[in-house]
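**Student:** Output the structure for:
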Amino acid sequence: MTFKKIDGGALAAPVALMALVAFATLGGCISSGPPASPVRWLDPTAGLEAPAAGAPIAPLALHAQPHLGQEIAVRTEPAVVVYDTDHRWLVPPRELVRRAFGRAQVGVLDSAVGAELRVELQTFELQQLEGAPGARIVCRVVRSGARAAPGVRVEVVASAGDASPEALAAAMGRALQQLVARVLAAARP
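**Tutor:** Just a heads-up that it's a prediction; the model follows:
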C-alpha cells in the first residue's frame, strides 16, 4: 500500500481519519452505559460493646474454613447460598471473630499450642429467607488438655429489621456478640 502526498505529508489524511475513528469509538465506549457501582465494605464490629467482665479464660485457638473470605455469603433459600457481588466484609470473617473476642479481652492464638479451647468457624452468612433477614454464625468448640471433650456445635442467629446492608451488618454484629458470650460461657468451669 502506498500513500500519496497530500498537503505537505504522506500520512496526514490517513492519520487524521484514524484519529477521528478512534475518538468516536472511544467516546461511544465511555458513554455507552452507567458506571459500575463501587463495592461497599461492611464492618459488623463497628458498634460492638465489650461484654460484661467475667472470670478470665485462657487464650483460645481460632480456625476458619478456607471458603470464608471477604465475600459475603447470603442464604436465599434453605439449601441455596450465593455471594453478594456488591458488598464485602471489611476483613475476613476469621478476623471479625478475632476482633469480637478481643473486645471481650480474650487472646486468640494462631495455633492450638497453649490454648484450652479451639473454635472452628464453619458458617458466617447473612440470611434473606422469606421475610426473615438476619445473620447466622456456626462454629465448633473443642476443649483440649485434661478436660478434653468432643466438639460442641454453637449456632447463633440474629434477626435484622430489614434486608438493607446496614441492618444486615448490624445483625451480624449482634450475632458476633452472641457467639462470644456462648463460647465464653462454655469455657468457664
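**Student:** where does this protein dip in pLDDT?
**Tutor:** Where the chain drops to pLDDT under 70, the residues are 1-37, 50-58, 110-115, 145-150, 187-189.
**Student:** try 80
**Tutor:** Applying pLDDT under 80 to the chain flags the ranges 1-39, 47-59, 104-116, 131, 143-151, 186-189.
**Student:** quick one: residue 47 and residue 173 touch, right?
**Tutor:** Yes. Taking Cβ atoms under 8 Å as the definition, residue 47 is a contact partner of residue 173 at 5.6 Å. Placement of C-beta: from N, CA and C, glycine included.
**Student:** Those two: who's more crowded?
**Tutor:** Neighbours per residue, other Cβ atoms under 10 Å: of residue 47 and residue 173, the larger number sits with residue 173, 22 against 11.
**Student:** all strands of this structure, in order?
**Tutor:** Using DSSP state E, the strands of the chain run over 40-42, 60-64, 71-77, 80-89, 108-109, 117-129, 132-143, 149-159.
**Student:** The longest helix anywhere in the chain to strand 71-77, inter-axis angle?
**Tutor:** Of all the segments assigned as helix in the chain under DSSP state H, the longest by residue count is helix 165-187. Counting by axes from the mean of the first three to the mean of the last three Cα atoms, to 10 degrees, helix 165-187 points 90 degrees away from the direction of strand 71-77.
**Student:** Got the domain ranges for the protein?
**Tutor:** Domain ranges of the chain: 1-33, 40-187, per automatic domain parsing.
**Student:** Identify the spatial nearest neighbour of residue 120, chain neighbours not counted.
**Tutor:** Take residue 120 and drop its neighbours on the chain: the residue closest to it by Cβ to Cβ, 6 or more residues apart in numbering is residue 140, 4.4 Å away.
**Student:** Pull the number of nearby residues for residue 151.
**Tutor:** Residue 151 has 13 neighbours, counted by other Cβ under 10 Å.
**Student:** Would you confirm that it contacts residue 120?
**Tutor:** Yes. Contact status for residue 151 versus residue 120: in contact at 7.4 Å, counting by Cβ under 8 Å.
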